[in-house]
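Visitor: Pasting the sequence and the predicted model now:
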Amino acid sequence: MAILDSKLSFSDNQAYSAGTAGTVASTNVIDLGVGHTTHYPGNGTPLYVNATISTTATTNAGNSIQAVLQDSANDSSFATIVAGPVIDNAIAEQTIGKKMLDGVVLPSSTRRYVRLAYIADGNIVNTGCVTAQLSLGNIDNT
């Protein structure tokens, strides 16, 4: 069982689409701290990224969504370091409890700032939301 900390939350029931194709950044960016690259970000303890659909999308034209983990050295220019699976059809597949990222271990080469981004390939609208966080254990936030 993992302990959650609000400061380690990427998204708290955040809409994962703006209603059109494109990318939505997580509400929060997590700062791993200065000099963290000289040691593993969790001081030898793996850090996990979990993202789960928290509100089912109610309208969809058969499009998909994907969560990706991104890092940055300057909190400005982000690059994808881990991509989750593409989840098709919001109505059929994007339901409460569906894992977008399931216990992904934060790579040891991760730069100082991390966030998630949600990539929609089409018009996913009406209430599709995600809850995502960084933790010391793999968690189930359904």
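Guide: In hand now; what should we look at? A quick note: this is a predicted structure, and the numbers were derived from the prediction, not measured.
Visitor: Apart from its chain neighbours, what residue comes closest to the residue positioned nearest the centre of the chain?
Guide: The chain has Leu116 as the residue nearest its centroid, 4.0 Å off, counting by C-alpha atoms, centre = their mean. Leaving aside its chain neighbours, Leu116 sits nearest to Ser26 (4.1 Å; criterion: C-beta to C-beta, 6 or more residues apart in numbering). Just so you know, the C-beta spots here come from the backbone N, C-alpha and C atoms, and that holds for glycine as well.
Visitor: Could I get the contacting residues of that neighbour?
Guide: Phe10, Ser11, Gln14, Arg115, Leu116, Ala117, Tyr118, Ala132 (C-beta atoms under 8 Å, 6 or more residues apart in numbering).
Visitor: again, but for Thr45
Guide: For Thr45, the contacting residues are Leu136, by C-beta under 8 Å, 6+ apart.
Visitor: Per-residue pLDDT of it, please?
Guide: Predicted confidence (pLDDT) at Thr45: the value is 76.
Visitor: do Ser72 as well
Guide: Looking at Ser72, the pLDDT reads 95.
Visitor: same thing with Ala61?
Guide: 59.
Visitor: Would you enumerate the residues in contact with Val34?
Guide: Per C-beta under 8 Å, 6+ apart, neighbours of Val34: Arg112.
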